[in-house]
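Chemist: only geometry, no sequence info:
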């Protein structure tokens, strides 16, 4: 059971005891007055007996307090029945000069029993209203002369009212004691909880002076906290931050601050500040030294990991000559053997020479990709910008991949504008972008499909779109693509590359300040759009209309889309 549940249960039990006491008090009142109404000797008429019976009615209504649920409406009915019934009884017997005048105090007593003494002022107001109403009625001549009863009935009513008032006050006091006991228990429980907690909780006044402290102070902190300024918890260099945090709490209601204690500059305290009522503040102080040390350790590990990655990239970038030289020899000599420049070879040897030449070329492409990525990661790849027609680079890439497309029986189509696309970019990087995108598209497009390549000037950007009708990319794979060595598709497709194609496209695009966008629909195809801000505006005729070449796969519901933008 939570603390709130315990408090609600205790309050409900106190309320039930209060209402049971109120019902018993009303029962005693009803029995006593009704007995007097029946037993008192009747005069010439029954006015006095009827008045006593009317005065006993609120006592019978008070038994409603025994119901399981007693809300404010039912209490109001019981409370307001008192001035009505008692006022009527007093008015029937001669007003305030009559024998039942002492009963005018009973509304206040009844209100005390019903509320545990919390609404005595309301009961007093009801009593005053009753007396005022009777006095006004007497002045207006609406009340007849007092009924002659002798001295005994007024004395009995005074005694009866005094006993009832005393009993009501006793019940109210008992209810109040229960309430105070509950509050004391809850306060002690809360204080015990605060004292045994792992953090230091402070109550500050409006000037930032510590007025209460719960739980022990963190290590290396002066234990005499009460009466000291909050800023003194911090070292000399951090006190300005502590004062600024207090000012922020006064303006916004909350603030966070961290500082080292004056006796231990190697430790770190984290403080959460919140505004309280009447300008006071609460401060929760915890020792965050271990967290601080762990964060520093993580940061150091990150720096070391980045340094190792950078060293690896620099190593690979510097090894380009050593890796390429023997591989070029292998490719060159195998090409001589395959071409039979020094004489004929048997069929098996010629076949092996062709395989060596093909494998060497494939390995050289992979090494070039790895070296390019390593140079980019090592921040040693420098773009060679020159002015040229982008159509030439795109057409050259299409010629290199035409054989691969024909072998796979895939329709490779290019859409280039009739007018030149003058750009200022890196020719090799632009060609590599198209080669990698087309190779990827061919790899994931089944036989009989098609791959479309579009190059156009769009809003002062060179846009290259490569779209296929292949298998598409799953959303889980799409999140990983664009990072080095990440691949998508099945095992057959993964075995055909290293996962560097899209990462190189993304890197080349970002080096030019451009973006790469991938749109894919699983089972229908993929479209990759690369936009580069490399259009040569000076060479582009003014007012030239842009060719309308929409991407073959437009964005629609169900598409998976991811956009890679240059890092800022």
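Modeler: Yes, it's here. Quantities reported herein were computed from a predicted structural model and do not represent experimental measurements.
Chemist: Show the pLDDT at residue 417.
Modeler: The pLDDT attached to residue 417 in the predicted structure is 91.
Chemist: ok, it - contacts?
Modeler: 391, 455, 456, 457, 547 (Cβ atoms under 8 Å, 6 or more residues apart in numbering). (C-beta placed from N, C-alpha, C; glycine too.)
Chemist: which among these end up buried?
Modeler: 391, 455, 456, 457 (16 or more other Cβ atoms under 10 Å).
Chemist: just to revisit the earlier point, select from the contacts of residue 417 every entry located in helices.
Modeler: Among those, DSSP state H puts residue 391 in helices.
Chemist: Considering the contacts of residue 417, which member attains the minimum pLDDT?
Modeler: Lowest pLDDT among those: residue 547, 44.
Chemist: between the contacts of residue 417, which is nearest residue 241?
Modeler: Residue 241 lies nearest to residue 457 out of the contacts of residue 417, by Cβ to Cβ, at 54.1 Å.
Chemist: For residue 446, grab the count of nearby residues.
Modeler: For residue 446, the tally of surrounding residues (other Cβ atoms under 10 Å) stands at 12.
Chemist: That one and residue 90, how far apart?
Modeler: Separation of residue 446 from residue 90 (Cβ to Cβ, to the nearest Å) stands at 104 Å.
Chemist: quick one: the strands in this structure?
Modeler: Under the criterion DSSP state E, the chain contains strands at 200-204, 210-214, 254-259, 269-275, 281-287, 385-389, 411-415, 422-426, 450-458, 461-468, 515-521, 525-532, 560-564.
Chemist: now for the ones you listed, which one comes closest to residue 310?
Modeler: That would be strand 560-564 among the strands of the chain, by Cβ to Cβ, at 21.6 Å.
Chemist: coming back round to it: closest to residue 84 out of the strands of the chain?
Modeler: Nearest of the strands of the chain (Cβ to Cβ): strand 269-275, 48.6 Å.
Chemist: which residues sit against the closest one?
Modeler: Contacts for strand 269-275 (Cβ under 8 Å, 6+ apart): 218, 221, 233-234, 242, 245-246, 248-250, 253-261, 281-288, 291.
Chemist: quick one: buried residues of it?
Modeler: 269, 270, 271, 273, 275.
Chemist: Please name the nearest non-neighbouring residue to the last one.
Modeler: When the adjacent residues along the chain are set aside, residue 275 lies closest to residue 253, with 4.3 Å between them (Cβ to Cβ, 6 or more residues apart in numbering).
Chemist: care to break the chain down by domain?
Modeler: 3-193, 200-287, 295-377, 385-564 (automatic domain parsing).
Chemist: I'd like to know how many residues surround residue 299.
Modeler: Neighbours around residue 299, by other Cβ under 10 Å: 10.
Chemist: change the start of the numbering to 31 and stick with it
Modeler: That works, and once the first residue is 31, the last one we named lands at residue 329.
Chemist: Now do it against residue 294, distance only.
Modeler: 22 Å.
Chemist: Equivalent analysis for residue 277, please.
Modeler: On the measure of Cβ to Cβ, residue 277 and residue 294 end up 26 Å apart.
Chemist: which one of those two has more residues nearby?
Modeler: residue 294 (16 against 11).
Chemist: What does the more buried one show for phi and psi?
Modeler: Main-chain dihedrals, residue 294, degrees, to the nearest 10: phi -150, psi 80.
Chemist: What score does it have for pLDDT?
Modeler: 77.
Chemist: ditto for residue 272
Modeler: Looking at residue 272, the pLDDT reads 90.
Chemist: That one: neighbouring residues, count only.
Modeler: If we define neighbours as other Cβ under 10 Å, then residue 272 has 23 of them.
Chemist: Ignoring the adjacent residues along the chain, who's closest to it?
Modeler: Per Cβ to Cβ, 6+ apart, closest to residue 272 is residue 261, 4.1 Å.
Chemist: rewinding a little: only the buried members of the contacts of strand 299-305: can you turn that into a ChimeraX selection?
Modeler: In ChimeraX, a selection of the buried entries from the contacts of strand 299-305 looks like this (16+ other Cβ under 10 Å):
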select :248,251,263,264,272,275,276,279,285,287,288,289,290,291,311,312,313,315,316,317,318
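Chemist: returning to that earlier point: contact partners for the residue nearest to residue 272?
Modeler: 238, 269, 272, 273, 276.
Chemist: want to try a markdown table for the residues you listed, with distance to residue 373 as columns?
Modeler: Converted to a markdown table, the contacts of residue 261 look like this (distance: Cβ to Cβ, whole Å):
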| residue | distance to residue 373 |
| --- | --- |
| 238 | 97 |
| 269 | 91 |
| 272 | 90 |
| 273 | 92 |
| 276 | 94 |
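Chemist: Closest to residue 439 out of these?
Modeler: Scanning these for proximity to residue 439, where the rule is Cβ to Cβ, the winner is residue 272, at 74.5 Å.
Chemist: Go ahead and confirm that closest one touches residue 286.
Modeler: No - using Cβ atoms under 8 Å as the test, residue 272 is too far from residue 286 to be in contact (11.5 Å).
Chemist: quick revisit: how far away is the residue nearest to residue 305 from residue 307?
Modeler: 11 Å.
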